[in-house]
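Asker: when you get a sec, could you give me coordinates for this:
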Amino acid sequence: MEDILKFFKTELGLNFLSVAVTILVIIFVSAVIKRIIPRQIEDASSRYRARKFVNIIGYISAVTVALVVFSNQLSALSVVLGVAGAGVAFAFQEVIASFAGYLVLHSSNFFKVGDRVLLGGIKGDVIDVGLLRTSLMETGDWIDGDRYNGRITKVANSFIFKAPVHNYSGDFPFLWDEVQIPIKTDGDFEYAKEKFLEILVDVQGTFAEEAKGYWHKMTEKYMVENARIDPFVLMKFNENWITFTLRYVVDYKSRGSVKDKIYTKTLKAIRNSEGRLEVASAAFEITAFPNK
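Answerer: Sure, this is the predicted structure:
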């Protein structure tokens, strides 16, 4: 106990106490500010950025205080730190890579909070980008479709250096999607194509006009062709049925609800076609049974 008291009476001990007290004050002030932010800022995105800004200022302040207080000791330890630097870098390479990933994420357009991404086979919405890990609210997996499954997954920021990052909501926050409808070959295919296109225009026509503006910006920024944004219907057939593919652009968060609308209107159109259209299905005919 006496040795501890003697240590804190030395210059190094007093410096440790000064840094510890200062860091506690910084933590307290940061916590108070973050409690006040929700009362003053209503927009969720602005609240998130404000809390992140407070955290970053806190980290910078703590590091600055430590460097200033221990400036004399650090100069004496410079040789030792230089020799140990290589070993420390190797031991903490994943941590260093994750922190580097954090800096890259905040200085580039890989993704941002609110984007829907696919990282290492994990798809979800980015809900937080921390110093070392990115938090995702997962979608899909055991849930059919693109809805939340309730699981929050944390992925190391270093992942952006190791594998592709799929962003569903970057410069072009829409996806191409399609619905396939099988119709019997003796149906009125011209009537079917016309009705299905009417359904697409009714459901997604206005949305497609909005998407054209985003795609025009994409063609100015990237070397991509001027792709077709308007809804359209493709047809192919074989000896069993005619397959109509209804293709359209859709908001990346609305795929399920849009498909539901298209399927509902399509089934109503087939039901009201007075026999001109019938849904095709596979049928198997057993002509003989094998002898035992």
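Asker: burial measure for Gly124, as a count.
Answerer: Gly124 is flanked by 25 other residues according to other CB atoms under 10 Å. Placement of C-beta: from N, CA and C, glycine included.
Asker: find the nearest non-adjacent residue to it, please.
Answerer: Closest residue in space to Gly124, ignoring its immediate chain neighbours: Leu136 at 3.6 Å, by CB to CB, 6 or more residues apart in numbering.
Asker: quick check: phi and psi on that neighbour?
Answerer: The phi and psi values for Leu136, taken as degrees, to the nearest 10, are phi -120, psi 140.
Asker: compute the number of surrounding residues for it.
Answerer: Other residues near Leu136 come to 22 when the count uses other CB under 10 Å.
Asker: OK, contacts around it?
Answerer: Counting by CB atoms under 8 Å, 6 or more residues apart in numbering, Leu136 touches 117, 119, 122-127, 152-155.
Asker: for the residues you listed, pick the one with the most neighbours.
Answerer: In the contacts of Leu136, the most neighbours by other CB under 10 Å go to Gly124, 25 neighbours.
Asker: can I assume it is in contact with Met137?
Answerer: Yes. The pair Gly124 / Met137 is scored as a contact, 5.1 Å apart, by CB atoms under 8 Å.
Asker: mutual contacts of the two, please.
Answerer: Joint contacts of Gly124 and Met137 (CB under 8 Å, 6+ apart) are Tyr148.
Asker: which residue ranges form the helices in the stretch 151-292 of the chain?
Answerer: Under the criterion DSSP state H, counting those that start in this stretch, the stretch 151-292 of the chain contains helices at 189-221, 255-271.
Asker: packing partners for the helix or strand harbouring Ile127?
Answerer: Per DSSP states H and E, Ile127 falls inside strand 122-129. Under the contact criterion of 3 or more CB pairs under 8 Å, 6 or more residues apart in numbering; DSSP states H and E, strand 122-129 touches helix 93-107, strand 116-119, strand 133-139, strand 148-156.
Asker: and of these, who's closest to Pro173?
Answerer: Nearest to Pro173 among these is strand 116-119 (8.8 Å), distances taken as CB to CB.
Asker: give me the number of residues near Pro164?
Answerer: Look at Pro164: counted by other CB under 10 Å, it has 10 neighbours.
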